[in-house]
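[1] Can you look at this prediction? I've put the sequence above it.
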Amino acid sequence: MKRYILTLLLICIQFNSYALIEVDITRGNLDPLPIAVSPLSIDNQSKKEFEKILKKKDIGSEISVVVENNLKASGLFNPLSKDAFLQEPDIANLKPRFEDWALIKAQALITGKVNFVDEKLRVEFRLWDVLAGKEMMALAFTTVPTNWRRVGHIITDKVYERLTGEKGYFDTRIIYVAEEGPKTKRIKKLAIMDQDGSNNKFLTLGNELVLTPRFNPTNQMVTYLSYFKNLPRVYLLDIETGMQEVVGDFPGMTFAPRFSPNGKKIIMSFAKDGNSDIYTMDLENRIVEKITNHPSIDTSPSYSPDGKYISFNSDRSGYQQIYVMNSDGSNVKRISFGKGLYGTPVWSPRGDLIAFTKLHKGKFYIGVMRTDGSGERLLTENYYQEAPSWSPNGRVLIFYRETKSNSKGEGFTAKLWSIDLTGYNERLVKTPTDASDPSWSSLLSN
Amino acid sequence: MKLFKILKNAFLVTLACVALSACATSKKTGQMQGDVYTGTDTIEYLASGVPDRVFFATNESVLTTASRETLRKQAAWLRKNSKITIVLEGHADERGTREYNLALGERRANAAKDYLMTYGISSDRISVLSYGKERPVDSGSNPLAWSKNRRSVTVKAN
């Protein structure tokens, strides 16, 4: 637990609300904001201490690289090359010479300072509006030194929020399925990593097939499907303690699990006699409720963030389509009416959109539609891709994509990709092995 | 006995008609009819003359004429070997979303189970396991490979 506790101290905030910089995240940003991320300054004594503990030569510089990479990956910012910086980090943090930063076309500037205090890592940072010549924000954190990457993510979240007006998504993790081996005997393990791909860790050994892990939006619990003892069942996993338990006592396969928005229920499919219906189980009192009752396949359920509605996938019309119903199962309405098959509906954490996978004429698409099915937008087309998962601020989707294999099965890969809602800024999310079924966590702090 | 023979002949005639009309309406390309696999590459045998698997059309769980014939052979074999229990493993091809395919695999295996039950095999002897698209037999990404992967395989459990 200790690793994730982070003390957040506000030293001084001068919110000058007349700042000139604003980043519009609702349009495809073809003109990202030029921003200078100065290396965080560090005194020699602190440098030595951190080098001993973290084996990093200059932790101030390393943290600034985390921030820089995050900002770049968002597609909204253009971090400028450090070679062009004229001011030393320690001086810049005291009082930037704005004309120097304006000269290299920076509109915003991040500076900061790192100290070793009582065995801890203390970081302060400032965000400056270069054109207005004003400080926009100043914050300080104290944490255990091993948390240094998280400090970089939290700084990015603060900067992103200050400049876009929306919460960030950088201090988050991704749980996914790591894949290895030939397609016919694929070995799958649960794995977890930071949103930027660092700190990758395998959570299972690969002895049994595991699929579709999903985070509890309120804590560090995960629900997933495991073929333990060849009985495919939904499991709960506490990623801090490693404790696992099977969810409910169903006489058949349970699959497609997700948490309710308050984290207190699991919603999933239960298959029996060739028919899959949607069920919930309350994790406190263990009460199981049957939500759909139809001879078709009903699966991939996902709650709206207020918990009032459920979107799901059903072939009751003859083919896979997306439906929305009240959370008690009443008032079922089909919402997908475009050409092709629709699957994996996932409700945005903002509540306004449903992301989905679509198959049409041999191509797979990741798209979004409004919750009544109107305004369908396809964000990306490929040979095979599916299973979008939302960033906690509802601005970015992560999903997996597979490549075609030849008749010998060669050429097959499975990788994680992210794309933002505008359909621009598609990026490969690097993983040590092949990967699928990503699920994005909530913000770890804030 | 005579009635049985007449019925049997009538059945064969209908079968032939079905086969003919099927040939006439859907194209038979090598090892596939429509998009159902009709070849023998991947088939293993539970006993001599008893194939272990049946194949399905895309997104379908309907048993074809050939599948029913295979399952009747399995049922006869199971009736003769009454101590044997089986697992029906249902599979889908890779061209569908993972969760839907898990349900589809379960539906296919149950189609086979239901048919075996109508031929006198007790449900106590049959369990069902869906692998969705997780365990293809052919790792190619082409229609023939996919047709081999859309299957329900009968596996001895004891």
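    Received it, and whenever you're ready, just let me know what you need. All values derive from a computational prediction rather than experimental measurement. Residues are numbered from 1 along each chain as shown, chains lettered A, B, ... in the order given.

[2] make it CA atoms for all contacts and neighbour counts henceforth
    Will do.

[3] And the strands in the stretch 201-350 of chain A, which stretches?
    In the stretch 201-350 of chain A, the segments counted as strands under DSSP state E, counting those that start in this stretch are A:201-202, A:210-215, A:221-226, A:233-238, A:244-246, A:254-259, A:265-272, A:275-282, A:288-290, A:298-303, A:309-314, A:321-326, A:333-334, A:341-347.

[4] out of those, nearest to B:S67?
    Nearest to B:S67 among the strands of the stretch 201-350 of chain A is strand A:275-282 (20.6 Å), distances taken as CA to CA.

[5] That closest one pairs with which strands?
    Partners of strand A:275-282 in the sheet, by DSSP bridges, are strand A:265-272 (antiparallel), strand A:288-290 (antiparallel).

[6] Residues contacting stretch A:203-216, please?
    For stretch A:203-216, contacts defined as CA atoms under 8 Å, 6 or more residues apart in numbering or on different chains pick out A:175-177, A:187-192, A:221-229, A:239, A:242, A:256-261, A:263, A:437-441.

[7] which bits of the stretch 301-446 of chain A sit near chain B?
    A:313, A:343-344, A:357, A:359, A:384, A:386-387, A:404-410 (CA under 8 Å from any CA of the partner chain).

[8] beta partners for the residue lying closest to A:G181 once chain neighbours are set aside?
    In space, and not counting its chain neighbours, A:G181 is closest to A:I187: 6.0 Å by CA to CA, 6 or more residues apart in numbering or on different chains. Beta bridges link A:I187 to A:E180, judged by DSSP bridges.

[9] Enumerate every residue touching A:A102.
    Under the criterion of CA under 8 Å, 6+ apart, the contact list for A:A102 reads A:V130, A:L131.

[10] How much space separates it from chain B?
    A:A102 is 50 Å from chain B, where distance means CA to the nearest CA, to the nearest Å.

[11] secondary structure element for that residue?
    Counting by DSSP states H and E, the element that carries A:A102 is helix A:98-103.

[12] what's in contact with the helix or strand following that helix?
    Counting by DSSP H and E, the element after helix A:98-103 in chain order, helix or strand, is strand A:108-117. Residues outside strand A:108-117 that contact it (CA under 8 Å, 6+ apart) are A:21, A:34-43, A:45-46, A:49-50, A:59-60, A:89-90, A:92-93, A:101, A:121-131.

[13] List only those of the residues you listed flagged as buried.
    Buried members of the contacts of strand A:108-117, scored by 16 or more other CA atoms under 10 Å in any protein chain shown, are A:21, A:34-42, A:46, A:49-50, A:59-60, A:89-90, A:92-93, A:101, A:121-131.

[14] Which residue is the nearest non-sequential neighbour of the closest residue to chain B within the stretch 251-400 of chain A?
    Of all residues in the stretch 251-400 of chain A, A:G274 sits closest to chain B, at 3.8 Å by CA to the nearest CA. Leaving aside its sequence neighbours, A:G274 sits nearest to B:R107 (CA to CA, 6+ apart; 3.8 Å).

[15] Stretch A:294-314: end-to-end distance?
    With CA to CA, to the nearest Å as the measure, stretch A:294-314 spans 9 Å from end to end.

[16] Identify the residues contacting that stretch?
    A:256-258, A:260-262, A:267-269, A:275-278, A:292, A:315-316, A:320-327, A:342-351, B:99-100, B:103-104.

[17] Now with 7 Å, please.
    Contacts to stretch A:294-314, defined as CA atoms under 7 Å, 6 or more residues apart in numbering or on different chains, come from residues A:256, A:258, A:260-261, A:267-269, A:275-278, A:315-316, A:320-327, A:343-347, A:349, A:351, B:99-100, B:103.

[18] Pull out the buried positions in that stretch.
    For stretch A:294-314, burial by neighbour count (16+ other CA under 10 Å) applies to A:296-305, A:309-314.

[19] Among the residues you listed, list the two that are farthest apart in space.
    A:S296 and A:P305 (26.1 Å).

[20] pLDDT at A:L139, what is it?
    On the pLDDT scale, A:L139 is placed at 94.

[21] That one contacts A:E124, correct?
    Yes - checked against CA atoms under 7 Å, the pair A:L139 and A:E124 is within contact range at 5.6 Å.

[22] Smallest gap between chain B and chain A, at which residue?
    For chain B, CA to the nearest CA, closest residue to chain A: B:R107, 3.8 Å.

[23] Specify the local secondary structure of that residue.
    helix (DSSP: H, G, I helix; E, B strand; the rest coil).

[24] how about the strands in chain B?
    Counting by DSSP state E, one finds strands in chain B at the ranges B:28-29, B:32-33, B:36-37, B:45-47, B:50-51, B:53-55, B:86-91, B:126-132, B:151-156.

[25] So for A:D83, which of those sits nearest?
    Once the strands of chain B are compared by CA to CA, strand B:126-132 is nearest, at 52.7 Å.

[26] what residues are up against the residue nearest the centre of chain B?
    Closest to where the C-alpha atoms of chain B average out (CA atoms, centre = their mean) is B:V54, at 2.0 Å. Contacts of B:V54 were listed using CA under 7 Å, 6+ apart, and they are B:S67, B:R151, B:S152, B:V153.

[27] was I right about the second one contacting B:F56?
    What it means is B:R151. Yes - counting by CA under 7 Å, B:F56 is a contact partner of B:R151 at 5.9 Å.

[28] And those two? Which one has more around it.
    For B:R151 versus B:F56, the count of surrounding residues by other CA atoms under 10 Å in any protein chain shown is larger for B:R151: 28 against 24.

[29] hey, what's the more buried one bridged with?
    B:F55.

[30] what's the answer for A:F364, then?
    Going by DSSP bridges, A:F364 forms beta bridges with A:L359, A:N382.

[31] That one - how many residues pack around it?
    Count around A:F364 with other CA under 10 Å applied: 25.

[32] Likewise for A:D31?
    Count around A:D31 with other CA under 10 Å applied: 10.
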